[in-house]
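Undergrad: Need coordinates for the below:
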Amino acid sequence: MKTFITALLCMLLCVPAFADQQTTVLSSPVNIKKATGFLPYIDGSNDPVLEKEANNILQKYAEALVDKVGNKGTINYAVQLNRPSLVSVLLQANNEKKVAYKGVNLDLTTGREFIVYDFFTKDEKVQGTLGDYADVLFSEKGIYTRESEKTGYTAFVPYSKLMASMRIGEAGRLVQIAKLTRNVEGKTLTIPNGSLLALKLDANPTTGYRWIVTYPEGAENAIQNVGSSFIMPRGDDQRVGMPGVEILVFTAQEVGTYNLKFEYRRPWERLGSDSFNFTVVVKE
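TA: You can find the predicted model right below:
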């Protein structure tokens, strides 16, 4: 029986489903100069070489923090974000009244640190919302910033405030995405504020028809459309004019309950060929 279970686990570890699991972060005891404590140690990722580079970055910053507090005291950490390929950690060194912090945001697909503009466009809205900052620390619900390397990460911006500038191709790595189809009709979706909704709908834009959403009165800013794309069907026959799939992406921006209606019609016509509606409940 043990042999069977072991074999089953080995097979499961090789299937793509495990790509959705969180990154494994171990706690490793360390001695740096005269400081003692614990550091995060990333293990079990898909690329051992990149994993080693990420762990080396954590070690490097830990050593620099210990140096800032006088090469003695304690060193510790707190994981702020854990995704299948992204980890953000707050490192902290203490020596009596001396304290030093460093936020480290690691991308395990590159073995390097990631920054704000890896996930958000570099536009005035993002820059104005985040303001001037020395560096950032990603967390489960948003981004922490600090004014200088000598201060803590005290300012916070939720992802919901930046979602309109999200790079859609990277969104699923950072925030929750509710993936929906036509089967959502008549049902209710409950999601946290700041989440994304991606509707996958059959469409053929060459006919002039497209999916148009109707919001409840006053809810246009609560559920915002942040992008769309059209995917041709796979296969040898990919002629212009062939029907395919339209993907509509929305972001939840305000807490509340909203009934959304989707109609497949030409913009200049009042009646469409298809329609459906569903309810979105947005919670804190």
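
Undergrad: tell me which element I57 falls in.
TA: Taking DSSP states H and E as the criterion, I57 maps to helix 48-68.

Undergrad: which parts of that helix are buried?
TA: 50-51, 54-55, 57-58, 61-63, 65-66, 68 (16 or more other C-beta atoms under 10 Å). In short, each C-beta sits where N, CA and C put it, glycine included.

Undergrad: Can you pick out the most distant pair from these?
TA: Greatest spacing in those, by C-beta to C-beta: L50 and K68 (27.6 Å).

Undergrad: Can you mark which positions in stretch 247-256 are buried?
TA: In stretch 247-256, counting by 16+ other C-beta under 10 Å, buried: 247-253, 256.

Undergrad: Show the contacting residues for K72.
TA: Counting by C-beta atoms under 8 Å, 6 or more residues apart in numbering, K72 touches 33-35, 66, 95.

Undergrad: Which ones among those residues map onto helices?
TA: Judged by DSSP state H, the subset of these located in helices is V66.

Undergrad: of the contacts of K72, closest to R270?
TA: R270 has its nearest neighbour among these in V66, at 69.0 Å by C-beta to C-beta.

Undergrad: Do I have it right that the closest one meets T74?
TA: No: if you go by C-beta atoms under 8 Å, V66 and T74 don't touch, sitting 9.2 Å apart.

Undergrad: who touches both of the two?
TA: 35, 93.

Undergrad: Look up how far L137 lies from the closest residue to N204 other than its chain neighbours.
TA: Using C-beta to C-beta, 6 or more residues apart in numbering and skipping residues adjacent in sequence, the residue nearest N204 is P243, 4.0 Å away. Distance of P243 to L137, given as C-beta to C-beta, to the nearest Å: 45 Å.

Undergrad: Pick out whichever of those two has more residues nearby.
TA: Comparing P243 with L137 by other C-beta atoms under 10 Å, the one with more neighbours is L137, at 24 against 14.

Undergrad: low-confidence ranges in the stretch 51-200 of the chain?
TA: Judged against pLDDT under 70, the stretch 51-200 of the chain has no low-scoring part.

Undergrad: picking up where we left off before, quick one: list the elements packing against the helix holding I57.
TA: Judged by 3 or more C-beta pairs under 8 Å, 6 or more residues apart in numbering; DSSP states H and E, helix 48-68 is in contact with strand 24-32, strand 34-43, strand 72-82, strand 86-95, strand 98-107, strand 112-113.
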